[in-house]
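Q: here is the input, now give the coordinates:
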Amino acid sequence: MEKNVIKVGLIGFGTIGRGVAKLFLNSSSIINKKAGIKVELKKICDLDIKTDRGVKLPEGMLTNNINDLLNDPEIDIIIELIGGYKPALDFVLKALNSGKHVVTANKALLSRYWDEIAAAAVKNSVEIMAEASVGGGIPILRGMDKGLAANRIEKIMAILNGTCNYILTKMTLDKMSFDAALKEAQAKGFAEADPTLDIEGFDTMHKIVILSSMAFGTRVKESDVPVEGIKGVDYTDIQYADEFGYVMKLLAVAEKEGNRADIRVHPVLINKKHLLASVNYEFNAIYLKGDAVGETLFYGRGAGEMPTASAVLSDVIYIAGNIAHGMTKKVPFIQERTKAVEIQKSGTAVSKYYLRFNVVDKPGVLASVAGILGRNNISIESVIQKVQDTHSKVPVVIMTYGAKEADLKKALKKIDAMNYVKQKTVVYRVVD
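A: The predicted structure is shown next:
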């Protein structure tokens, strides 16, 4: 039977859910025109239906019973915005298996359960879309899926967490300590009360798993991605980086050559001339290199109520248009990944490195450090050594040329064991 209205159920009425409801109420004419059919928000489910969200909803729209949405045959599209793994996975799978299309912003869910969710969507000939799961309002997933469809994506470098980028920007530009910058980020709403997932890099890891899965069409698992956050970053290293001509960013990197991929999350020092170096505060950016298009950069607000709600509604409009034109059995947006990728073994990657040693200031120390590096195939590009009183602890900062990670680890193990070294060497990869 031909439909003349698409009805939507929304699970989760927090910050993003409120933004979605606002767009439905305030932009209905735009939504309907672009979808080519009337799109109507029918029900919103949340545990808390008493708190005023500042949105005037029609009588009876709010419910705390999930079955009012999942069992309603009139609802065509379910939006999942509660986050986390459970019960979000149960709700998404039940919706898909009931023949409902699903839109989600849940990066953790897709990162861990991609194949299970994609299989349910394919089996039931329905869509699962997740533009808002990566980069907030930045249209990166559909950009890769449609705009760059003719390309083999060879490389991704991305700033994907607004909390971390805000903290590092404040440390760089305002000379703040990590703790002070985090406190300000929390006060402005850019960081959660518990910022662990952000500052330890796991939020970024979830997003690069999704990006690399889509870009490479392969099975990338969370365990494939080594993760290092920014919790241990010291302003001292940001200061030295500036002297070398670099800024610090938390970067997600995914590179693929043949069937081998190198995917990781860690802080890096990035050359000030690089496009990503100027991405500051809560903004996100995704740098892609395709075999045909070359280098591209997607930039915008990576989080927030309205940017993320914008991405959610773009998916709803896209699905509604497909329903209206009988196109929902086309190639799915999120597909089953048919093959596993070979993850590059630890230690084989080549990179320039920034090294900060804290050593006793006495003759021969720098020569000894340089000798150990040289014997392990690591060449020095430049050195900064601050002069202080003899025998006091001083920093020696070295920028290397490209070196194998395994060679560097071997050299640092020897250097850190020397009696003139007073604390473990600080190490960051460098991107030119």
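
Q: outline the domain layout of the protein.
A: Domain assignment for the chain, taken from automatic domain parsing, gives 5-132+305-324, 140-301, 350-431.

Q: so what's the gap between the shortest one and the chain middle?
A: This means domain 350-431. Chain-centre distance of domain 350-431: 31 Å, with C-alpha atoms, centre = their mean, to the nearest Å.

Q: endpoint to endpoint, that domain covers what distance?
A: Distance between the two ends of domain 350-431: 11 Å, counting by C-alpha to C-alpha, to the nearest Å.

Q: any weak-confidence spans in the protein?
A: Of all residues in the chain, those with pLDDT under 70 make up the ranges 1-2, 328-340, 346-347, 387-391.

Q: ranges for the strands of the stretch 201-350 of the chain?
A: Ranges of strands in the stretch 201-350 of the chain, per DSSP state E, counting those that start in this stretch, are 246-257, 260-271, 283-290, 294-301, 342-343, 350-360.

Q: between those strands, which one is nearest to S379?
A: strand 350-360 (10.1 Å; C-beta to C-beta). All C-beta spots, glycine's among them, are computed from the backbone N, C-alpha and C.

Q: what helices or strands is the closest one leaning on?
A: Contacts defined by 3 or more C-beta pairs under 8 Å, 6 or more residues apart in numbering; DSSP states H and E place strand 350-360 against helix 235-244, helix 365-375, strand 393-400, strand 403-404, helix 405-416, strand 421-431.

Q: could these go into JSON lines alongside mean neighbour count?
A: What follows is the helices and strands packed on strand 350-360, written out as JSON lines (neighbours: other C-beta atoms under 10 Å):
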{"stretch": "helix 235-244", "mean neighbour count": "17"}
{"stretch": "helix 365-375", "mean neighbour count": "16"}
{"stretch": "strand 393-400", "mean neighbour count": "19"}
{"stretch": "strand 403-404", "mean neighbour count": "18"}
{"stretch": "helix 405-416", "mean neighbour count": "17"}
{"stretch": "strand 421-431", "mean neighbour count": "17"}
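
Q: V341: which of the domains of the chain is closest?
A: Nearest to V341, of all the domains of the chain, is domain 140-301, at 3.8 Å by C-beta to C-beta.

Q: on that earlier part again, can I get the domains of the chain in CSV with distance to I343?
A: Conversion of the domains of the chain to CSV gives the following (distance: least, C-beta to C-beta, whole Å):
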stretch, distance to I343
domain 5-132+305-324, 15
domain 140-301, 5
domain 350-431, 14
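
Q: how near is G84 to G14?
A: Distance of G84 to G14, given as C-beta to C-beta, to the nearest Å: 12 Å.

Q: and the two? which has more neighbours close in?
A: G14 (14 against 10; other C-beta atoms under 10 Å).

Q: which residue is the nearest non-sequential neighbour of the more buried one?
A: L81 (6.8 Å; C-beta to C-beta, 6 or more residues apart in numbering).

Q: and the one you found, how far is that from L10?
A: Relative to L10, L81 is positioned 7 Å away (C-beta to C-beta).

Q: show me the common contact partners of these two, please.
A: Residues touching both L81 and L10 (C-beta atoms under 8 Å, 6 or more residues apart in numbering) are 17, 20.

Q: which residues sit in contact with E243?
A: Taking C-beta under 8 Å, 6+ apart as the criterion, E243 is in contact with I384.

Q: run the last query once more with 10 Å
A: 382, 384, 397 (C-beta atoms under 10 Å, 6 or more residues apart in numbering).

Q: mind checking the SS state of the second one?
A: It refers to I384. Classification of I384 by DSSP: H, G, I helix; E, B strand; the rest coil places it in strand.

Q: what residues are bridge-paired with the nearest residue to L366 once chain neighbours are set aside?
A: Once its chain neighbours are removed from consideration, L366 has its nearest residue in V396; the separation is 6.1 Å (C-beta to C-beta, 6+ apart). With beta bridges defined as DSSP bridges, V396 has these partners: F357, Q385.

Q: re earlier: neighbours of the residue nearest to G14, how many?
A: Under the neighbour criterion other C-beta under 10 Å, L81 is assigned a count of 26.

Q: hang on, it packs against L313?
A: No. Contact between L81 and L313 fails when scored by C-beta atoms under 10 Å: they sit 11.9 Å apart.

Q: need the residues touching each of those two.
A: 19-20, 103, 132.

Q: among those residues, which pair sits farthest apart?
A: Spatial extent of these (C-beta to C-beta) is set by the pair G19 and V103 at 13.4 Å.

Q: who touches both of these two?
A: Counting by C-beta under 10 Å, 6+ apart, the residues touching both G19 and V103 are 81, 312-313.

Q: now the residues you listed as JSON lines including distance to P73?
A: Compiled in JSON lines, the shared contacts of G19 and V103 are given as follows (distance: C-beta to C-beta, whole Å):
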{"residue": "L81", "distance to P73": "22"}
{"residue": "V312", "distance to P73": "23"}
{"residue": "L313", "distance to P73": "23"}
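
Q: inside helices: which ones of those residues?
A: Using DSSP state H to define helices, the subset of those located there is 312-313.
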